[in-house]
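K.L.:
need a 3D model of the following:
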Amino acid sequence: MKVEYGVPSQRSLRALDLLAFFLADVKGGVGPFLAVYLQATRHWDPASIGMALAAASLTGVIAQTPAGALVDRLRQKRELVALAALMIAVGCLATLWFWSVPGVMTAQALMGMVEAVFQPALAGISLGLVGYKWLDLRIGRNESFSHAGNVVAALTAGLLGYFVSQSWIFYTVAALSVVSAFTAFAIRGDEIDYELARGGAHVGNGNTNDQAARNRAHAGPRVSGLSEALTDRRILIFTSSAVLFNFANAAMLPLVGQRISVDKPQSSSLLMAAGIIVAQLVMVPVAAMAGRLTDVRGRKSIFLIGFISLPIRGALFTLSDQPSFVISVQILDGVGAAVFGVLSVLVVADLTKGTGHFNITQGAIATATGVGASLSMLLAGLIVKYAGYQAAFLSLAAVATVALLIFWTLMPETKEFVTRSKKPSDSSVCK
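P.N.:
Numbering: from 1, shown residues only. Okay, here's the model as predicted:
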């Protein structure tokens, strides 16, 4: 049966929910558990752990912009997500099989490279299905399902690491990768508006009688040059603040894991899982709320909440390393990460509407923020080695404060308020 453009089916919307859920832990590979595993099981020093973490980040930096361009150009977005998920499974298994530093770094490099596909692909599929009018709510919903998936994955990994073996964390992520690959194909490919999914001139008005619009949707990509985005002052300001935010945020949780692993190696994976679960539980409602609030209040005021939470979190980590205190501070991680995850996609969508470069701009910004995250991992490890954990946390908090000031004073509002003709029929948003 032929599907009407502009009216995504419940099957596709539900499958998108599930894809966001299962991709949750796949997108980050093994995330902070890698630091715990290398510290507690293989007894690596902080500098070597920093190198392993940086390998994934650096290859991700290289791949982000090409991945965004690929998502803009390819119609087979579901297939691209499935292939990338399967490659994450390969990287997880390779991390277990190769014990040398070069071997682990190679596996992490592979995972970082293919992981670059997930964010622009999921955002592009979402925009192609629901359109700009409902993108706020859809991205908030994606993030809520993603964080719910992280709760389940973190709890499972923590329990397996504590009661069985920390190597089972990697097997869990590999299994979720395979499930994600199958879930991607449950989304109906003929319901994803190609031109709309890349932020093109055709913005998915759902008019099936407009043959010219349909022809534009199926025409080749309209390339206007990446220089358009790079010369937009708003994108430059946003990118600067996002780079500093990610620099400050990327190393905080891995540092917490390393510090806990030194004194409590046996229970480190379980304690790390508890910290992640607390943050992810907070992210589930905050992400949904952020999507709804930004829909009526605009982007900037909501985004500032995420920026403010990060320097406070960094400063609090210097006060105590008691597990109960560290886990409580992770509430702020939940607030900051949820707001940033939702709002960053929406701001880029605002700034690239009609250009045909929604996903490549996401990739370019991710490249810049990836540089910050990679340097954060590497430099934080060196600071810990020569000056201790407190100095590292204070340094990261200072960088977060600069990010807050830049966004607060220089970034304009990007939301264009629209009047909707109808509300979604249920909790799944559609055009």
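K.L.:
flag the shaky bits of the stretch 151-300 of the chain, pLDDT-wise.
P.N.:
The stretch 151-300 of the chain contains residues with pLDDT under 70 at 158, 161-162, 201-230, 261-270.
K.L.:
helices along that one, start to end?
P.N.:
Remark: helices assigned in the stretch 151-300 of the chain by DSSP state H, counting those that start in this stretch are 168-184, 194-197, 211-217, 227-230, 233-250, 252-263, 268-297, 300-316.
K.L.:
buried deepest among the ones you listed, which one?
P.N.:
Across the helices of the stretch 151-300 of the chain, the average number of neighbours (mean count of other Cβ atoms under 10 Å) peaks for helix 194-197, which reaches a mean of 24. (C-beta placed from N, C-alpha, C; glycine too.)
K.L.:
now do that helix: which elements does it pack against?
P.N.:
In terms of contacts (3 or more Cβ pairs under 8 Å, 6 or more residues apart in numbering; DSSP states H and E), helix 194-197 is packed against helix 118-130, helix 211-217.
K.L.:
at 10 Å what do you get?
P.N.:
helix 46-73, helix 118-130, helix 211-217, helix 358-387 (3 or more Cβ pairs under 10 Å, 6 or more residues apart in numbering; DSSP states H and E).
K.L.:
point out the most buried one among these.
P.N.:
Highest mean neighbour count among the helices and strands packed on helix 194-197 (mean count of other Cβ under 10 Å): helix 118-130, with a mean of 26.
K.L.:
angle of that one against helix 168-184?
P.N.:
Between the axes of helix 118-130 and helix 168-184, defined by axes from the mean of the first three to the mean of the last three Cα atoms, to 10 degrees, the angle is 30 degrees.
K.L.:
kindly export helix 118-130 (C-alpha atoms) in PDB.
P.N.:
Extracted in PDB, the C-alpha atoms of helix 118-130 (Å, rounded to 0.1, in the frame of the first residue of the first chain):
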ATOM      1  CA  PHE A 118      24.000   7.800  14.700                       C
ATOM      2  CA  GLN A 119      23.300  11.400  15.700                       C
ATOM      3  CA  PRO A 120      22.700  12.900  12.300                       C
ATOM      4  CA  ALA A 121      21.000   9.800  11.000                       C
ATOM      5  CA  LEU A 122      18.500   9.700  13.900                       C
ATOM      6  CA  ALA A 123      17.900  13.400  13.700                       C
ATOM      7  CA  GLY A 124      17.500  13.300   9.900                       C
ATOM      8  CA  ILE A 125      15.100  10.400  10.000                       C
ATOM      9  CA  SER A 126      13.000  12.200  12.700                       C
ATOM     10  CA  LEU A 127      12.800  15.500  10.700                       C
ATOM     11  CA  GLY A 128      12.000  13.500   7.500                       C
ATOM     12  CA  LEU A 129       9.100  11.800   9.300                       C
ATOM     13  CA  VAL A 130       7.500  14.500  11.400                       C
END
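K.L.:
in stretch 131-147, what's buried?
P.N.:
For stretch 131-147, a neighbour-count test (16 or more other Cβ atoms under 10 Å) marks 131-147 as buried.
K.L.:
before we move on, the earlier item: out of the helices of the stretch 151-300 of the chain, which is closest to Thr59?
P.N.:
helix 233-250 (14.9 Å; Cβ to Cβ).
K.L.:
what angle separates that closest one from helix 46-73?
P.N.:
Helix 233-250 and helix 46-73 are oriented at 150 degrees to each other (the same axes, to 10 degrees).
K.L.:
now do helix 233-250: which elements does it pack against?
P.N.:
If you count contacts as 3+ Cβ pairs under 10 Å, 6+ apart, helix 233-250 packs onto helix 46-73, helix 227-230, helix 300-316, helix 323-352, helix 358-387, helix 389-410.
K.L.:
in a markdown table: those helices, plus distance to Phe238.
P.N.:
Shown next, in a markdown table, are these (distance: least, Cβ to Cβ, whole Å):
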| stretch | distance to Phe238 |
| --- | --- |
| helix 46-73 | 16 |
| helix 227-230 | 11 |
| helix 300-316 | 9 |
| helix 323-352 | 6 |
| helix 358-387 | 7 |
| helix 389-410 | 8 |
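K.L.:
closest one to Leu196 among these?
P.N.:
helix 358-387 (9.1 Å).
K.L.:
how far off centre is that closest one?
P.N.:
Centroid separation between helix 358-387 and its chain, computed with Cα atoms, centre = their mean, to the nearest Å, is 13 Å.
K.L.:
report the mean per-residue pLDDT for that helix.
P.N.:
Mean pLDDT, helix 358-387: 83.
K.L.:
stretch 291-304 spans what distance, first to last residue?
P.N.:
Terminal residues of stretch 291-304 are spaced 14 Å apart (Cα to Cα, to the nearest Å).
K.L.:
from Asp17, how far off is Tyr11?
P.N.:
Heads up, residue 11 is Arg, not Tyr. 11 Å (Cβ to Cβ, to the nearest Å).
K.L.:
who are the contact partners of the closest residue to Ile192 other than its chain neighbours?
P.N.:
Leaving aside its sequence neighbours, Ile192 sits nearest to Gly128 (Cβ to Cβ, 6 or more residues apart in numbering; 4.0 Å). Residues counted as contacts of Gly128 (Cβ atoms under 10 Å, 6 or more residues apart in numbering) are 8, 75, 77, 187, 189, 191-199, 204, 217, 358.
K.L.:
please repeat the previous calculation with a cut-off of 8 Å.
P.N.:
Gly128 makes contact with Lys77, Ile192, Asp193, Tyr194, Leu196, Ala197, Gly204 under the criterion Cβ atoms under 8 Å, 6 or more residues apart in numbering.
K.L.:
my guess is the first one meets Glu191, correct?
P.N.:
In this case it means Lys77. No - counting by Cβ atoms under 8 Å, Lys77 does not reach Glu191; the two are 11.5 Å apart.
K.L.:
neighbour count for those two, which is higher?
P.N.:
Between Lys77 and Glu191, Lys77 has the larger neighbour count (other Cβ atoms under 10 Å), namely 26 against 20.
K.L.:
and that one, what pLDDT?
P.N.:
If you check Lys77, the pLDDT there is 91.
K.L.:
pull the contacting residues for it.
P.N.:
When contacts are counted by Cβ under 8 Å, 6+ apart, Lys77 touches Val71, Ala121, Gly124, Ile125, Gly128, Gly189, Ile192, Ala197.
K.L.:
many thanks, have a good one.
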